[in-house]
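# Requesting a structural model of the entry that follows:
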Amino acid sequence: MARVLRATEAQLEAALRSLRAGELVAFPTETVYGLGADAGNPAAVRRIFAVKGRPAHHPVIVHLCGIAQLRDWAREVPQGALRLAQRFWPGPLTLVLPRAGNVSEAVTGGQDSVALRVPSHPMAQQLLAAFQGGIAAPSANRYGRLSPTRAEHVREELGAAVSVVLDGGECQIGLESTIVAFQGGRARLLRPGAIPAAQIRRIVAQLQVGADETSPRVPGSTSAHYAPATPLIIVPAGQIESRAEALSAGGRRVAVLARRAPLAAHPSVTWIDAGRRARQYGHDLYDNLRTLDKSGCRRILVQDVPDAPAWAAIADRLRRAAAGAGREDAAEADAT
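As a prediction, this is how the structure comes out:
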């Protein structure tokens, strides 16, 4: 049984003082750890961008305590959006809606839309209930890199830039939230996550999938992000063994993330068997990639995952990781 983790009174008070002072607080959600600031304080929100090294035109997700706060941040809430919120909040769903007039452009990336969600992690709920306001929080990592799923990932990557890190243990899901945008009453899925399109269509039948030229910018919409520093290559499932053997010839060190154990020993290959279950694979993905990134290998080979709905979010993150891995200017690994 999973532990129900709550902050102590002293930890919670320290986090609240920091938020109210315009400082940054890292906290767990069920998806990944977020780097939070008072969403009503534009200067504090801009501090998130500075610490992450993130372009100012990328919007951030505002985390709310409950559905009752929705209309404080969105000027329009279509019935489809309201039904989704009633069904999936608290949980790993982000809704992109027309922003209310009081919402800062620092939060929206200069757009007329705002991204909102209600996380289900008990520590996030505890913090939001005590704060009584929105907390803007992309993922608590450097621009372009792997999202953190443990408190030690945040401390390792951001160090003293974050005044308080609330440790809520491992994130339950380990991949960022599903994002659904509403424009003119139409719903569009812009980032896959733990809530698949099929579940959303049970509530909003006319769901479109993927961005078009009119879609708002959302976290996770750039082609390269969620990336390790080591170059990453996606390899067809049947070729993972031969590619690992070829690239490790002459003692070159290679890392492999596969869905099975190796068929033979390879002295220069660091191999992680991530298993065949999509939920567990997704939960462990960023932690496994961090481990391989630290292994001193020259390449990370990732066995391709199935083309199936259960693997859609994983496949999305791996494609973007491959585009961003090994690039100093890799685009944003973003938002909870």
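
# count of neighbours near A237?
12 (other C-beta atoms under 10 Å). For every residue, glycine as well, the C-beta is placed using N, CA and C.

# now what about whatever helix or strand E241 lives in, what contacts it?
In this structure, E241 sits in helix 240-247 according to DSSP states H and E. The set of residues external to helix 240-247 that reach it, using C-beta atoms under 8 Å, 6 or more residues apart in numbering, is 233, 235, 254, 256, 258, 262-264, 266, 269, 271, 298-299, 301, 303.

# roughly how far out does that helix sit from the chain middle?
From the chain centre to the centre of helix 240-247 is a distance of 30 Å (C-alpha atoms, centre = their mean, to the nearest Å).

# the helices in the stretch 201-336 of the chain, which residues?
With DSSP state H, counting those that start in this stretch, the ranges of helices along the stretch 201-336 of the chain come out as 240-247, 278-293, 312-324.

# out of those, which comes closest to L19?
helix 278-293 (25.4 Å; C-beta to C-beta).

# So what's the gap between stretch 246-257 and the chain middle?
30 Å.

# ok, and for that stretch, which residues are buried?
247-248, 254-257 (16 or more other C-beta atoms under 10 Å).

# farthest pair in the residues you listed?
S248 and L257, at 14.8 Å, using C-beta to C-beta across those.

# Sketch out the low-pLDDT regions of the stretch 201-336 of the chain for me.
In the predicted model, the stretch 201-336 of the chain carries pLDDT under 70 at residues 326-336.

# As PDB, could you dump the C-alpha coordinates of the helix holding E241?
In PDB, the C-alpha atoms belonging to helix 240-247 read as follows (Å, rounded to 0.1, in the frame of the first residue of the first chain):
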ATOM      1  CA  ILE A 240      18.200  -3.800 -29.700                       C
ATOM      2  CA  GLU A 241      20.700  -6.600 -29.100                       C
ATOM      3  CA  SER A 242      22.600  -6.300 -32.300                       C
ATOM      4  CA  ARG A 243      22.800  -2.500 -32.100                       C
ATOM      5  CA  ALA A 244      24.100  -2.600 -28.500                       C
ATOM      6  CA  GLU A 245      26.700  -5.200 -29.600                       C
ATOM      7  CA  ALA A 246      27.800  -3.200 -32.600                       C
ATOM      8  CA  LEU A 247      28.100   0.200 -30.700                       C
END
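
# Could you give the number of residues near L207?
18.

# Quick check: it touching A187?
Yes. Between L207 and A187 there is a contact at 5.0 Å, judged by C-beta atoms under 8 Å.

# what's the spacing between Y33 and P122?
Separation of Y33 from P122 (C-beta to C-beta, to the nearest Å) stands at 14 Å.

# So those two - more neighbours on which side?
When Y33 and P122 are compared for neighbours, Y33 comes out ahead with 29 against 18, by other C-beta under 10 Å.

# list the contacts for the more buried one?
Y33 makes contact with 26-27, 139-140, 147-151, 153-154, 171, 336, according to C-beta under 8 Å, 6+ apart.

# Now, these that are in helices?
Secondary structure from DSSP state H places 151, 153-154 of the contacts of Y33 in helices.

# Mind putting those residues into TSV with neighbour count?
TSV is the format used below for the ones in helices among the contacts of Y33 (neighbours: other C-beta atoms under 10 Å):
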residue	neighbour count
A151	20
H153	24
V154	26
